[in-house]
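>>> structure, please.
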Amino acid sequence: MPEALLEAAGVFKSFWGIQALKGVDLSIRAGEIHAVTGENGAGKSTFMKIIAGEERPDAGEVRFRGRAIAMIHQELQLFPDLTIAENIVMGREPCRWIPGWIDKAARNREAAELLAQLGVELDPRRPMRDLSIAEKQSVEIAKALGRQADLVIMDEPTAALSDREAELLFRIIFDLKRRGVAILYISHRMPEIFRLAGTVTVMRDGRCVASRPAAELDENRLIALMAGRAPDAATVKRPETPGEVVLEVRNLGRPPRFEDVSFTLRRGEVVGIAGLMGAGRTDVAAAIFGLAPATHGEILVRGRRVRIGSPAAALAHGIAMVTEDRKEFGFVPNLSSKENITLSSLGRFAWGPLIRPRAEARAADEQMRRLGVVSAGRDQAVKFLSGGNQQKVAIARALLADPEILILDEPTRGIDVRAKAEIYSLIAGLAGAGKAILLISSEMNEILSLSDRILVMREGAAVAEFLPAAASPEEILRYAMPN
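The predicted model follows:
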């Protein structure tokens, strides 16, 4: 058997008095695709940050033979005010013969070549902040590829990618494997794990509870190892027959992102929006919520035309949104769970200019219990929570505003299997209670199982509408693909 490329032994780490890692061991060999999975809060991301040198362990050691480790984070580590090329070649910029004089043309060529390997066409001179979350994910992957690392850690790399984009990534992963590069692949997505991995390590409560060849496992066994028990049969209750129209969009546009988009959303209805990266799904949602207002067209709420120029205006009209990029828009990292949850609803807890702390705390505690947020308490900073629990805090803030219309953009990105089932039940329950829900997701099964109607977008336009019973993933993809 080949010598281990990386070995971790007895790794411990704690934050805020909570033991995140409890003696973790792991070994990976060159050319191996090794999947690491587990429920949110199991310690996966913390362990990977220790391997990459971003965190120091309290005890234990990590031994690595080779030049470099590259990590693709679940939460993207990019500089928004720099260009795509500047982000990709950061720290290894090509220079001309004059010391310190950066060869910008060479830098742009290298960035374009790395993106081309992923099948992504982006101008390397574009600033990062203009990109969608999926485009930013592609840049992060290209950045890791450019370092020619011996070990690449991928933390939920397909979370914001469509099926087609994920296929391109899988080709790159298998190509890296053929070159002898080791891949540590963190994912909750069972099909990806069994398709890619030779070995699967399961983490639970800060420990590695199993490490086995993927061929010895199936989905039920893997879920049982993750949860410590056999999986329950997950069912999503369909909402009742939708009521009256509460949101209508007429010929909405913000060129070049999207143009002439029209649809309706009824009380108690879930409308899913499907499409590939760059199709304009998130841009339409951002326009309705006032993050990036449309330049023309109409938005009607309960039959009345409204002007939405900011999120505050959207909230005033009963519209709330959970964004796909939770790190940039979903929460304030240094604030506590309580402060993040109540941020959009502080008026409810105010007495004149003062906040009533007990009322605020009670509301935050209720939302945290409702969504099952796991933390050291309401006063713990959100930046110390796992990705899944950060997502729950973002959802809790939206729900505390008691919106009539709820926009969910990739609500289960980075969420484990059991937490996904909880979110699915929550969505069905909200629809059943009369909420109107606009759901954007890159997971086809999620769109098909949760939606009452499905709108397909392609290149900034709404090109088709389906009822789930009359749709198939292949049919939806056929309309979503560029001409």
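>>> strands along the stretch 201-350 of the chain, start to end?
207-213, 245-254, 258-266, 270-274, 296-301, 304-306, 319-322, 350-351 (DSSP state E, counting those that start in this stretch).
>>> among these, which comes closest to Arg147?
The minimum distance between Arg147 and the strands of the stretch 201-350 of the chain falls on strand 207-213, with 26.7 Å, by Cβ to Cβ. C-beta here means a position set from N, CA and C on the backbone, and glycine is covered the same way.
>>> hang on, Asp155 packs against Ser45?
Yes: the criterion here is Cβ atoms under 8 Å, and Asp155 meets it with Ser45 at 6.0 Å.
>>> any regions of the stretch 1-150 of the chain where pLDDT drops low?
1-2, 16-17, 40, 66-68, 73-76, 99-100, 133 (pLDDT under 70).
>>> go with 90
1-6, 14-20, 37-46, 48-49, 51-56, 61, 63-81, 90-106, 114-121, 129-150 (pLDDT under 90).
>>> all strands for it, in order.
Using DSSP E, counting those that start in this stretch, strands in the stretch 1-150 of the chain cover 4-15, 18-29, 33-37, 59-64, 69-72.
>>> and Ala431, which of the strands of the stretch 201-350 of the chain is closest to it?
Closest among the strands of the stretch 201-350 of the chain, using Cβ to Cβ: strand 270-274, at 5.2 Å.
>>> hang on, the earlier thing: reformat the strands of the stretch 201-350 of the chain as CSV; add distance to Asn445.
Formatted as CSV, those follow (distance: least, Cβ to Cβ, whole Å):
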stretch, distance to Asn445
strand 207-213, 26
strand 245-254, 25
strand 258-266, 22
strand 270-274, 11
strand 296-301, 30
strand 304-306, 34
strand 319-322, 20
strand 350-351, 43
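>>> any idea which of those strands gets closest to Phe289?
strand 319-322 (4.2 Å).
>>> what about that closest one, average pLDDT?
For strand 319-322, mean pLDDT is 95.
>>> same check, this time on stretch 194-208
Averaged over stretch 194-208, pLDDT sits at 92.
>>> hmm, who's touching that stretch?
Outside stretch 194-208, the residues within contact range by Cβ atoms under 8 Å, 6 or more residues apart in numbering are 19-26, 28, 32-39, 42-44, 47, 170, 173-174, 183, 185, 193, 209-214, 217, 219, 222, 225-228.
>>> now do that stretch: distance from first to last residue.
From its first residue to its last, stretch 194-208 covers 19 Å (Cα to Cα, to the nearest Å).
>>> may I see the buried residues of it?
Phe194, Leu196, Ala197, Thr199, Val200, Thr201, Val202, Met203, Arg204, Gly206, Arg207, Cys208 (16 or more other Cβ atoms under 10 Å).
>>> where does the first one sit, in terms of helix or strand?
Under the assignment given by DSSP states H and E, the secondary-structure element containing Phe194 is helix 190-196.
>>> ditto for the fifth one
Assigned by DSSP H and E, Val200 falls within strand 199-204.
>>> just want the angle from that strand to strand 18-29.
When axes from the mean of the first three to the mean of the last three Cα atoms, to 10 degrees is applied, the directions of strand 199-204 and strand 18-29 differ by 170 degrees.
>>> sheet-wise, list the partners of strand 199-204 with their directions.
Paired neighbours of strand 199-204 in the sheet (DSSP bridges): strand 33-37 (parallel), strand 207-213 (antiparallel).
>>> what does the first one contact?
Pointing back at strand 33-37 there. By Cβ under 8 Å, 6+ apart, strand 33-37 touches 26, 28, 44, 47-48, 173, 177, 182-188, 193, 196-203, 214, 222, 226.
>>> what's the local residue count around Leu276?
Using other Cβ atoms under 10 Å, Leu276 has 22 other residues around it.
>>> just the pLDDT at it, thanks.
pLDDT at Leu276 comes out at 77.
>>> let's see the pLDDT reported for the spatially most central residue of the chain.
Central residue of the chain (Cα atoms, centre = their mean): Arg413, 3.5 Å from the mean position. We note a pLDDT of 75 for Arg413 in this prediction.
>>> Three-state assignment for the closest residue to it other than its chain neighbours, please.
Counting by Cβ to Cβ, 6 or more residues apart in numbering, Ala159 is the residue found nearest to Arg413 once chain neighbours are left out, at 4.3 Å. Secondary structure assignment for Ala159 (DSSP: H, G, I helix; E, B strand; the rest coil): coil.
>>> Ala159 reaches Pro411, doesn't it?
No: with contact defined as Cβ under 8 Å, Ala159 does not count as touching Pro411 (11.5 Å).
>>> between those two, which is the more surrounded one?
Legend: neighbour count by other Cβ under 10 Å for Ala159 and Pro411, higher for Pro411 (28 against 23).
>>> gap between that one and Pro468?
Applying Cβ to Cβ, to the nearest Å, the value for Pro411 to Pro468 is 18 Å.
>>> what stretches of the stretch 151-300 of the chain score poorly on pLDDT?
151-173, 175-176, 178-181, 187-191, 204-206, 218-243, 275-279.
>>> burial count for the residue lying closest to Met128 once chain neighbours are set aside?
Leaving aside its sequence neighbours, Met128 sits nearest to Pro80 (Cβ to Cβ, 6+ apart; 4.8 Å). For Pro80, the count of nearby residues is 13 (other Cβ under 10 Å).
>>> might one say that Pro80 is in contact with Pro127?
Yes: taking Cβ under 8 Å as the definition, Pro80 is a contact partner of Pro127 at 7.2 Å.
>>> any idea what Ile183 is bridged to?
Under the criterion used (DSSP bridges), Ile183 bridges to Ile33, Val152.
>>> could you do Thr37 as well?
Under DSSP bridges, the beta-bridge partners of Thr37 are Val202.
>>> count of neighbours near it?
26.
>>> show me the domain layout of the chain.
4-227, 245-480 (automatic domain parsing).
>>> the last one: end-to-end distance?
Put plainly, it is domain 245-480. In domain 245-480, first residue to last residue: 26 Å (Cα to Cα).
>>> kindly report the same for stretch 43-61.
With Cα to Cα as the measure, stretch 43-61 spans 16 Å from end to end.
>>> what's next to it, contact-wise?
Residues external to stretch 43-61 that are found in contact with it (Cβ under 8 Å, 6+ apart): 6, 8-15, 20-24, 26, 36-38, 62, 64, 69, 71, 74, 153, 155, 184, 186, 203, 205-207, 386-387.
>>> could you check how far the residue nearest to the centre of the chain is from Ala381?
Distance from Arg413 to Ala381, by Cβ to Cβ: 21 Å.
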